[in-house]
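Undergrad: Everything below, folded, please.
(one chain, ligands or ions: 1)
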Amino acid sequence: MHPDQPSLRWDGEAIVTLDQRALPHERRLLRLTTVDDVIAAITTLAVRGAPSIGLAGALGVVLSAYAHCSPGTGDTGWEAVRADARRLASARPTAVNLAWAVDRVLTKLTDGPDAVLAEATVMIDEDRSVNRQMVDHAVRAVLDRCPQRSLRILTHCNTGRLATAAVGTALGTILALAEAGKVTEVLVDETRPLLQGARLTAWELAEADVPHRVCVDSAAAAAMSQGLVDCVLVGADRITARGDVANKIGTYALAIAAAHHGIPFIVVAPESSWDRSLADGRDIVIEERDADEVTSYGGIRTTPLGTRAYNPAFDVTPASLISAIVSEHGVHSPSEVTA
Ligand SMILES: CSC[C@H]1O[C@H](OP(=O)(O)O)[C@H](O)[C@@H]1O
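TA: Purely as a prediction, here's the structure:
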């Protein structure tokens, strides 16, 4: 995949996207032609990553607008599109980007489907420039907090070009640091149960020829205790007004371990991941996913039949454990604010 090529695009009639479930062994393309196709792609994580699912949701509204708003349908088509938009926005509850992106393109609905498509296209281009600005700020935030000449960075889940329309958030920052010769090694949490780290982040780092090793999630704290980690960089799905952060399950444990070892814990996420209507992260709706993601892998059952599972897809890290939250607008240090 070309560095600047987003993992999803509009081909003039439909959405074309990499099926992230097939990576790293197969670059399978999906062509999404209906709203139900988009919802299925988002709920199955064929398309995943907060910014990417937002852009997919926006393009899903485009599909609906062309399906329901041919000339002469007037506002009757609009209600059908709004109903589709509500279904798209609720496909996954935790990442605020999905509802934000759907709401934004809906503002163009009464101008017609071409206007909705134009707005979605602007958002894809914006994500590219937002990534660049965010990464520039995040590189400085890391270097300001890490005196080491070359860094050993731990990251969780996948926050690169598969999760955004461009270079990515936390992983985009890691790639920029590596390009500047500042990275000794990246330690990649495999990120159970769907292995976004082992399958996707390792794939992106290998493509970029950045030294890395994968570890089981439960090895991260031990790596910190062994001095193998100088900085932790992660993304976000929803950030509250006071800086509590919802992110992939396992992030909270990393923040606790990093605080214990005095290691900078930095969140990199666009402004579209902030939800300032909430203050307390405990009010964030956490997506619970099917038990079979935990009780099986690759179609092979790993537990006895009948075993139930606890499978939240995200957890919440309180602002007090976060060294810095970086967006395209700059660096926010919640732990200083809430100390
Ligand atoms: C820049 S991606 C942000 C965020 O989204 C991921 O979740 P998922 O793989 O379930 O879509 C993960 O939490 C990333 O940190």
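
Undergrad: distance of the residue in the stretch 51-200 of the chain positioned nearest to the ligand from D125?
TA: Closest approach between the stretch 51-200 of the chain and the ligand, counting by C-beta to the nearest ligand atom: A163, at 3.5 Å. In short, each C-beta sits where N, CA and C put it, glycine included. Distance, A163 to D125, by C-beta to C-beta, to the nearest Å: 17 Å.

Undergrad: Neighbour count: the two, which is higher?
TA: More crowded of A163 and D125, by other C-beta atoms under 10 Å: A163, with 27 against 12.

Undergrad: and the more buried one, which of the three is it?
TA: Here A163 is coil, with the state taken from DSSP: H, G, I helix; E, B strand; the rest coil.

Undergrad: which residues does C157 contact?
TA: Residues in contact with C157 (C-beta atoms under 8 Å, 6 or more residues apart in numbering) are D189, T191, Q196, G197, T201, V234, G235, N247, K248, G250, T251.

Undergrad: Now do the same for the residue of the stretch 51-200 of the chain closest to the ligand: its pLDDT.
TA: In this model, A163 is scored at 96, pLDDT.

Undergrad: And it, its phi and psi?
TA: phi -100, psi -10 (degrees, to the nearest 10).

Undergrad: Excluding chain neighbours, give the residue nearest to it in space.
TA: Closest residue to A163 apart from its sequence neighbours, by C-beta to C-beta, 6 or more residues apart in numbering: G49 at 2.3 Å.

Undergrad: Go ahead and confirm the residue of the stretch 51-200 of the chain closest to the ligand touches T169.
TA: Yes - with contact defined as C-beta atoms under 8 Å, A163 and T169 form a contacting pair (7.3 Å).

Undergrad: coming back round to it: filter the contacts of C157 down to the buried ones, ChimeraX style.
TA: Burial among those is assessed by 16 or more other C-beta atoms under 10 Å; the matching ChimeraX selection reads:
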select :189,191,196,197,201,234,235,247,248,250,251
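
Undergrad: same for the ligand: which of the contacts of C157 are within range?
TA: By C-beta under 6 Å from any ligand atom, the members of those lying near the ligand are Q196, V234, G235, N247, K248.

Undergrad: just the residues you listed now: which is nearest R282?
TA: Taking C-beta to C-beta as the measure, R282 sits nearest to N247 out of these, at 14.7 Å.

Undergrad: and the closest one, backbone torsions?
TA: N247 adopts backbone torsions of phi -150, psi 180, taken as degrees, to the nearest 10.

Undergrad: again with D237
TA: Backbone dihedrals for D237, given as degrees, to the nearest 10, come out at phi -110, psi -30.

Undergrad: Check the gap between it and R192 for me.
TA: According to C-beta to C-beta, D237 and R192 sit 17 Å apart.

Undergrad: And the two? Which one has more around it.
TA: Each of D237 and R192 has its neighbours counted (other C-beta under 10 Å); D237 has more, 30 against 19.

Undergrad: Residue numbers of the chain in contact with the ligand?
TA: Residues of the chain lying near the ligand (C-beta under 6 Å from any ligand atom): 48-51, 157, 159, 163-164, 169, 196, 234-235, 237, 247-248, 313.

Undergrad: if we can go back for a sec, with the ones next to the ligand among the contacts of C157 in mind, which one is nearest to A279?
TA: Distance to A279, by C-beta to C-beta, is smallest for N247 among those, at 17.6 Å.

Undergrad: contacting residues around the closest one?
TA: Contact analysis of N247 by C-beta under 8 Å, 6+ apart lists H156, C157, V234, G235, A236, D237, V267, F314, D315, T317.

Undergrad: which of those residues lies closest to the ligand?
TA: Nearest to the ligand among the contacts of N247 is G235, at 3.0 Å by C-beta to the nearest ligand atom.

Undergrad: can you tell me which residues contact that closest one?
TA: Residues near G235 by C-beta under 8 Å, 6+ apart: 49-50, 157, 159, 163, 169-171, 247-248, 267-269, 273.

Undergrad: If we use 6 Å, what do you get?
TA: Residues in contact with G235, defined by C-beta atoms under 6 Å, 6 or more residues apart in numbering, are T159, T169, A170, A269.
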